[in-house]
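A.B. asks: Quick one: sequence plus predicted model below, questions after.
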Amino acid sequence: MSSLAGLDWLAEKQVAPLIDALLVAVLSEKPAEPLSFMMGRLATMKDAARQPLRRTRSIVGNEAQIEEEASQKDFIVTKLPLTPHKSPLIDRDSTALEDELPQINYNSTATKGKLGTPLLMQTAGPHKDLHFDPANTVVGIVSCGGLCPGLNDVTRAITLFSLEVYGVKKVIGFKYGWMGLMEEGIGEAFELTPSIVRDIHRFGGSFLGSSRGRPVHKHGQEMLDNLLRLGVNVLFALGGDGTLKGASQLYDFIKKRGADIAVVGIPKTIDNDVCYVQKTFGFETAVNEAIVALKAAQAEARSHKHGVGLVKLMGRHSGFVAAQAAVAFGAAHIVLIPEVEVSLQTLFKLIQERFKKRKYCVVVVAEGFGQNLMETTGTDASGNAKLGDIGLFLKKEIEKWLKDTYEESTCKYIDPSYMIRACAKKEIEKWLKDTYEESTCKYIDPSYMIRACAATTNDASFCAQLGNNAVHEAMHGNTDCLMGYWNNVYTVVPISLCVSKRKFVNVDGDLWRAVKEMGVSLADKKRVRRGSGPKSLVDLEALQRGEVKIL
C-alpha cells in the first residue's frame, strides 16, 4: 500500500467515523462547551483502546466471549418517543399487558461465592402504549447474508402477526438483501399478504432471497430515500453480524435525517456466535441435520479397516455446531474447532490412539479451524476473509499419513457433491460471473445442505416467538435493537452491544468438557475400556506357537 493510499484508507476507515461519532455525540448531548466535551470523549476512547481484551466465562456455561467489562448503560435500548396509541391487544387480554416489562439478570452466576454487580437485560413482550398507530403503519422485512433454517418462519411470523394481530396497513418484502432497498433492487419490492406467506415455512432457503455486499455505510442515504418513498415506518432486518451492523448504521442515517422509522434486527446465524444472545434461530436445526452427516461418516469409517470418516460443519469463528453435534451424536472421536489449535501431528496421534481401541475414527471439523495451515487470500462481497477448504485439506493430509502408516486404510470425506468437486464449481462460477451481474454457485457439502433446509419443529416455534416479540417491540418504538434470548427469556438488546464482540465456545465450559470426555485423548491409556470389540475366534498366540485353538 502506497503512502497516499494508506492515508486515504486511514481517512475513510478511521478518522471519518471518529469525527462522525464525535459530532453525533455533541448533537445528541448538546454540551455547554463542545470543544472540551470532544476532548474529554477522545481521552476516554484513548484509554479504552489501551485496555486489553480478555476471554471471560459467560453466564451460560458453554459460552465465552472476548469482551471488555459491560456496564448497565450498554444494555439501555433506544426508544422513540411514546405517542398516545393504545395497543389493539388490550381488547384481547388487557391483563397480559404491562406499562413496563420486567428485566432479567444477565450475570446471575457467582464466582468463588461472590456475585458481581448485576446487569439487567430488558425482556420483550406486548406493551399497552405504542409509538406507531397500527392502522397507518407500513412494515418492511429484509434478509441478508447466508441462508439459515428458519428465515421463512421468521418472515411469516412477522407478516402474519403485524397484519392479523396489530392490523398494520401493509407489509413489504425487500428482495435480495440490502440490494432490495437500493435503486437497483427497489423495483422488486412486493407486498406480503397472509395468503402469500401462509406456507413458506414448509420450505428451506429464503423466500425473500438474500445477497452479500452493498455496505450500508456507503449506500444508507439511498436506502433511506426509498424507505421514505414507500412510507415504511418499521424495518425488520434478518441477518448475522454484518447485517446487524448494517441495520445499526442505517438507523444512524435515519436519526440524522430525523425520520420516524424503527429498525429492529433478528439475529440469524447457524454459528450461534452473537454475543449476549443465548441461542440464535437455525442453530438447533443445523445440529439436527449435522448428525445425518455424522451417521454417514461413521458408516463409511467403520466399514473399513483403519477407516476415517471426516465431516466439515459450519463454524467460521465459533465451533458451536461441531461441538453440539458431536455431543448429541455421541460417537465423534475427534472434534476440531477454531477456538482450539491442533497441529497435524497431534491430529495424527489422536487418530492413532483411536485405532488402538477400534479400527475406525470419526473426525468433525468446523470450517474455520486450521486456517493457519493453509494459504488463504481475498475477501467475499461482505468483506469477510475467504476461508480455505479445511475439509479437503485435511482429507488429503490424513490420506497421505494413513498410506505411510497403515497397509490397509481409507479416509472418507462426506460430501454429496463428490462427482463435481471444485473444478466444475470453478468453471460454472466463471461462466456465471461473465454472464450475469448477480449470480452464485454452491456445491453441496453438508454445510450447504444444513443451512438450506426447513426449520425443525422446536426451531420453528422459536422463530415464531422471535418474530412476534419483534413486532411487539417495534410497535412500542424500540429501535436500533435486536431480539435476543437469555436464560430462557426473550429479550431486547442494543445492536451496538451485541456486535461489539463475538461469542466463542468456552473451552473450560460444560459443552467442551463433554466433547473431550466422549472423544479420544492422548491420555486414553489411563482409561480402562471393557468390551472393546468382538473377540477373535482364533487364539492368535496359540496360532503363533503352532497350536491352533478354536475359541
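C.D. replies: Okay, I see it. Small disclaimer: the values here were computed from a predicted structure and weren't measured.
A.B. asks: can you tell me how far the nearest residue to residue 259 once chain neighbours are set aside sits from residue 265?
C.D. replies: Among residues not flanking residue 259 along the chain, residue 228 sits closest, at 6.2 Å (CB to CB, 6 or more residues apart in numbering). Quick note: C-beta positions are derived from backbone N, CA and C, even for glycine. The gap separating residue 228 from residue 265 is 20 Å, by CB to CB, to the nearest Å.
A.B. asks: So the two - more neighbours on which side?
C.D. replies: Neighbours per residue (other CB atoms under 10 Å) separate residue 228 from residue 265, with residue 265 holding more: 29 against 14.
A.B. asks: Surely residue 156 forms part of a helix?
C.D. replies: Yes - the assignment for residue 156 by DSSP: H, G, I helix; E, B strand; the rest coil puts it in a helix.
A.B. asks: which ones are touching the spatially most central residue of the chain?
C.D. replies: Central residue of the chain (CA atoms, centre = their mean): residue 269, 2.4 Å from the mean position. Shown in contact with residue 269 (CB atoms under 8 Å, 6 or more residues apart in numbering): 148, 240-241, 280, 282-283.
A.B. asks: With respect to residue 468, which of the residues you listed is nearest?
C.D. replies: Residue 468 has its nearest neighbour among the contacts of residue 269 in residue 280, at 16.6 Å by CB to CB.
A.B. asks: quick one, phi/psi of the closest one?
C.D. replies: Here the main-chain torsion angles of residue 280 (degrees, to the nearest 10) amount to phi -110, psi 150.
A.B. asks: surely it meets residue 265?
C.D. replies: No - counting by CB atoms under 8 Å, residue 265 is not a contact partner of residue 280; they are 11.1 Å apart.
A.B. asks: can you list contacts of the strand or helix carrying the residue nearest to residue 259?
C.D. replies: For residue 228, the host element (DSSP states H and E) is helix 216-229. By CB under 8 Å, 6+ apart, the surrounding residues in contact with helix 216-229 are 140, 178, 181-183, 186, 235, 245-247, 249-250, 252-254, 257, 259, 261.
A.B. asks: I'd like the next helix or strand past it.
C.D. replies: Later in the chain than helix 216-229, the nearest helix or strand by DSSP H and E is strand 234-239.
A.B. asks: count of neighbours near the nearest residue to residue 342 once chain neighbours are set aside?
C.D. replies: Leaving aside its sequence neighbours, residue 342 sits nearest to residue 336 (CB to CB, 6+ apart; 5.8 Å). Look at residue 336: counted by other CB under 10 Å, it has 23 neighbours.
A.B. asks: pretty sure residue 336 contacts residue 326?
C.D. replies: No - using CB under 8 Å, residue 336 is not in contact with residue 326, being 10.1 Å away.
A.B. asks: which residues are common contacts for those two?
C.D. replies: Common contacts of residue 336 and residue 326, defined by CB under 8 Å, 6+ apart, comprise residue 364.
A.B. asks: Next, the contact list for residue 385, please.
C.D. replies: Counting by CB under 8 Å, 6+ apart, residue 385 makes contact with 376, 378-379.
A.B. asks: Would you mind putting those residues into JSON lines with pLDDT and distance to residue 412 alongside?
C.D. replies: Listed next are these as JSON lines, based on pLDDT from 0 to 100; distance: CB to CB, whole Å:
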{"residue": "376", "pLDDT": "70", "distance to residue 412": "25"}
{"residue": "378", "pLDDT": "70", "distance to residue 412": "30"}
{"residue": "379", "pLDDT": "71", "distance to residue 412": "32"}
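A.B. asks: for those, which one is nearest residue 34?
C.D. replies: residue 379 (38.1 Å).
A.B. asks: pLDDT at the residue lying closest to that closest one once chain neighbours are set aside, what is it?
C.D. replies: Nearest non-adjacent residue to residue 379, counting by CB to CB, 6+ apart: residue 385, 5.6 Å away. As summarised for this prediction, residue 385 has a pLDDT of 75.
A.B. asks: ok, now how distant is residue 385 from residue 397?
C.D. replies: Distance, residue 385 to residue 397, using CB to CB: 22 Å.
A.B. asks: Kindly report the same for residue 330.
C.D. replies: Between residue 330 and residue 397 the computed distance is 26 Å (CB to CB).
A.B. asks: So for those two, which residue has more residues nearby?
C.D. replies: For residue 330 and residue 397, the more surrounded residue by other CB under 10 Å is residue 397, and the numbers stand at 16 against 10.
A.B. asks: residues touching that one, list them.
C.D. replies: By CB under 8 Å, 6+ apart, the neighbours of residue 397 are residue 344.
A.B. asks: swap in residue 200?
C.D. replies: Residues in contact with residue 200 (CB under 8 Å, 6+ apart) are 152, 155-156, 207.
A.B. asks: shouldn't residue 364 be in contact with residue 313?
C.D. replies: Yes - here residue 364 reaches residue 313: they are 6.3 Å apart, a contact under CB under 8 Å.
A.B. asks: Touching both of the two, which residues are there?
C.D. replies: Joint contacts of residue 364 and residue 313 (CB under 8 Å, 6+ apart) are 322, 325.
A.B. asks: rewinding a little: filter the contacts of residue 385 down to the ones in strands?
C.D. replies: Within the contacts of residue 385, no residue falls in strands by DSSP state E.
A.B. asks: Can you say which of these are buried?
C.D. replies: For the contacts of residue 385, a burial check counting by 16 or more other CB atoms under 10 Å picks out nothing.
A.B. asks: which one among these gets closest to residue 320?
C.D. replies: Comparing those against residue 320 with CB to CB places residue 376 closest, at 22.0 Å.
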